[in-house]
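coordinates for the following, if possible.
(one chain, ligands or ions: 1)
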Amino acid sequence: MSAQDSRIYLASGSPRRREILTGMGVSLERIHADIDESVLPGEDAITYTERLAREKAAAGWQVVQQCGLPERPLLAADTTVVQDGEIFGKPADEADARRMLQAFSGRSHQAVTSVAVRQGDHVEVRTSVTHVTFKPLGEDEIQRYIDSGEPFDKAGAYGIQGRAAVFITRIDGSYSGVMGLPIHETAQILGNFGFQFP
Ligand SMILES: Cc1cn([C@H]2C[C@H](O)[C@@H](COP(=O)(O)OP(=O)(O)OP(=O)(O)O)O2)c(=O)[nH]c1=O
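Now for the predicted structure:
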């Protein structure tokens, strides 16, 4: 079946994920499901994003069942940023955003995204790790970026697809993965659920 022939459930409030899937030709229906996104003690970034993608998919699947919705694949994902083993989620406030952007200034970090697709008890998960390098940032640049409001709903306090693009000197890996949904890995998993791309 082609991507357009069938819909998936999207257990995500991220506008970026919706845009990427729509761009891939996938029709979707949003499912609301919330989970606790705390990092467990000693958990590394990949273990964390894979666990969260699975948990978001499980919570979404529960909603599908509780509402008696027709069975079809459900997709969930989680993105985080990691540098020297430290996990950077969404900034809690302006000071937190400043701390993150200062840490990334003139250095490399990794953006990690795990995507999970679930139907019934069958779940598949893939992870993409992308190396991102920032130019050295001045305090005034950081402040102007914070004032734009862009950092606050994004892991690592920046959006590669937005104004932070000018901070980035190099990426090695998946651009869409940094944005929140790696297209290659997503197409691979959905392929295993019967979708065809393009
Ligand atoms: C690093 C980076 C992250 N992000 C976003 C992608 C994700 O939406 C967000 C990371 O938070 P997530 O918790 O992965 O996702 P979310 O809370 O937005 O949505 P949901 O849990 O409902 O699926 O950061 C960008 O948009 N651009 C970037 O360059």
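
any buried residues in the longest helix along the chain, and which?
Ordering each helix of the chain by length in residues (DSSP state H) puts helix 45-66 first. By neighbour count on 16 or more other C-beta atoms under 10 Å, the buried set for helix 45-66 is 45, 48-61, 64. (C-beta placed from N, C-alpha, C; glycine too.)

helices and strands around that helix, which ones?
strand 74-83, strand 108-119, strand 122-134 (3 or more C-beta pairs under 8 Å, 6 or more residues apart in numbering; DSSP states H and E).

which one of those strands lies closest to residue 184?
Among the helices and strands packed on helix 45-66, strand 122-134 comes nearest to residue 184, with 7.6 Å by C-beta to C-beta.

related to what we said a few turns ago, quick check: the farthest pair among the buried residues of helix 45-66?
Spanning the widest gap among the buried residues of helix 45-66 are 45 and 64, at 28.5 Å by C-beta to C-beta.

hmm, back to that, need the residues that contact the longest helix of the chain.
By C-beta atoms under 8 Å, 6 or more residues apart in numbering, the residues outside helix 45-66 that reach it are 9, 11-12, 31-35, 37, 39-40, 43, 69, 71, 74-80, 82, 87, 110, 112-118, 120, 123, 125, 127, 129.

the ligand contacts on the protein?
12-14, 16, 56, 77-79, 81, 90, 111, 153-156, 158-161, 178-180 (C-beta under 6 Å from any ligand atom).

restricted to helices, list those residues.
Among the residues of the chain next to the ligand, the ones falling in helices (DSSP H) are 16, 56, 178-179.

would you point out the most distant pair within the residues you listed?
So, those by C-beta to C-beta: farthest apart are 56 and 178, at 18.7 Å.

which residues does residue 174 contact?
Applying C-beta under 8 Å, 6+ apart, we find residue 174 in contact with 113, 128, 130, 182-185.

er, residue 79 actually
For residue 79, the contact set (C-beta under 8 Å, 6+ apart) comprises 49, 111-113, 155, 177-178, 180.

in ChimeraX, how would I select the buried members of those?
A single ChimeraX command is used to select the members of those judged buried by 16+ other C-beta under 10 Å:
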select :49,111,112,113,155,177,178,180
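
redo the contacts of residue 79 as TSV? Include pLDDT.
Output for those, formatted as TSV (pLDDT from 0 to 100):
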residue	pLDDT
49	98
111	98
112	98
113	98
155	97
177	98
178	98
180	97
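
just flag the most distant two among the contacts of residue 79.
Largest separation among those by C-beta to C-beta: 49 and 178, giving 12.7 Å.

shared neighbours, these two?
Residues touching both residue 49 and residue 178 (C-beta under 8 Å, 6+ apart): 79, 113.
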